[in-house]
Structure formats: C-alpha cells, structure tokens
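In: Model the following, please.
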Amino acid sequence: MSEELFGEAVAEIASKYLEKFQINSVKELFDGLIRLNPSFKETVLNAKDPKEVESIFKEITGILNADAGTGTISIDNALITAIQTAVFDHDQGTVTISNTKISAPKLITGGNSNATGETIIEDSTLESRGTKITGKGYKIKMTGGARIEQN
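Out: Numbers count the residues shown, from 1 in each chain. Predicted coordinates:
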C-alpha cells in the first residue's frame, strides 16, 4: 500500500473519531507507533468497525513518543512516566537526558535505523518492567542507529 493511501486511511480514521485534533498531528502519532511496531500499519488499515478502531486508540493512548527531528530535546531534573511505552528518538538531532527518572513498561532511547543524531544520558534512572539503569557519575552516548530497548 502506498504512503498516500496509508495517509488517507489515517485521515479517515482521524476525521471520524478525533474531530478535535488536526489530521497531521494524528498522522504523526500513528507514524510514531508504526516505527515502534511496523505490523501496526496493517492493523490500522484493516480496521472495519468502531470496536476495532477503539482498540487502536487504546493502544496509542499510553505511548509517549519524543522525536528530536533535526532539533534538540533536553530533559533535566524531571520525572516522566508512560503507561505503555516511552520513546526518545534523536533522529537527526540531539536528545539529552540528565538527572531524570523515566519509567515505562517498555522504554526506548537512542536512534531509529536511519538516525544520524545522538542521545546522551547521564546521572539518570531509566526503568522498564524488567530492567533498570541507574547511578551517579555515569554517561551513556549513542549515535546513529544505536539504541537501548528496555522491556
């Protein structure tokens, strides 16, 4: 299926069920989830009834997706919790996380497969359902497509 048809399918869902949101914002939300789980695209495209659409939006609501694009995301001395998944993607930019606690059942930091940017994590706690990275005086630097996936 072409990107244009996919965009039209997302726009149709958005117009029916999320009238208060701009279509581009909804498409960005779906695109972020599809980067996390490519098979989700087929789920969206095959949704035929309101119950299936509702389950799609339930899956989306617990996700925090922060993508630096070509810019910068700086998080310092913060507490961040996501219900399902938290993603901090440096893409072509920079993500800096310091003196911060981030928790989610699934936590992804670093870059996507096409990334050229960098993520720097220092003196923070990153906690998922089964893992925990914590401490003082440490620094993790990831560049390009390097990433840490915690489940």
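
In: pLDDT value on the residue most central in space within the chain, please?
Out: By Cα atoms, centre = their mean, the chain has its centre lying nearest to Asn65, at 2.8 Å. Looking at Asn65, its pLDDT stands at 87.

In: Using the three-state scheme, assign it.
Out: When classified by DSSP: H, G, I helix; E, B strand; the rest coil, Asn65 comes out as strand.

In: separation between it and Gly135?
Out: Taking Cβ to Cβ, to the nearest Å as the measure, Asn65 and Gly135 are separated by 26 Å. All C-beta atoms are positioned from the backbone trio N, CA, C, and that covers glycine.

In: what's the neighbour count on the residue nearest to Gly110 when sequence neighbours are not counted?
Out: Spatial nearest neighbour of Gly110, chain neighbours left out: Arg147 (2.7 Å); criterion: Cβ to Cβ, 6 or more residues apart in numbering. Close neighbours of Arg147, defined as other Cβ atoms under 10 Å, add up to 18.

In: now Ile60
Out: What Ile60 shows, counting by other Cβ under 10 Å, is a neighbour count of 17.

In: what's near enough to touch it?
Out: Contact partners of Ile60, counting by Cβ atoms under 8 Å, 6 or more residues apart in numbering, are Leu29, Phe30, Leu33.

In: Starting from Gly144, give me the distance back to the last one.
Out: Think Leu33. 23 Å.

In: More neighbours: the two, which one.
Out: Leu33 (21 against 15).

In: Ramachandran coordinates for that one?
Out: phi -70, psi -40 (degrees, to the nearest 10).

In: my guess is it contacts Asn65, does it?
Out: Yes - using Cβ atoms under 8 Å, Leu33 is in contact with Asn65, at 7.4 Å.

In: quick one: contacts for Ala82?
Out: Gly62, Ile63, Leu64, Ser103, Ala104, Pro105, Leu107 are the contacts of Ala82 under Cβ under 8 Å, 6+ apart.

In: which non-adjacent residue is nearest the second one?
Out: I take that to be Ile63. Nearest one to Ile63, counting by Cβ to Cβ, 6+ apart, is Thr85 at 4.8 Å.

In: if I look at the one you found, how far off is Gly71?
Out: 22 Å.

In: Neighbour count: those two, which is higher?
Out: Shown here are Thr85 and Gly71; by other Cβ under 10 Å, Thr85 has more neighbours (21 against 12).
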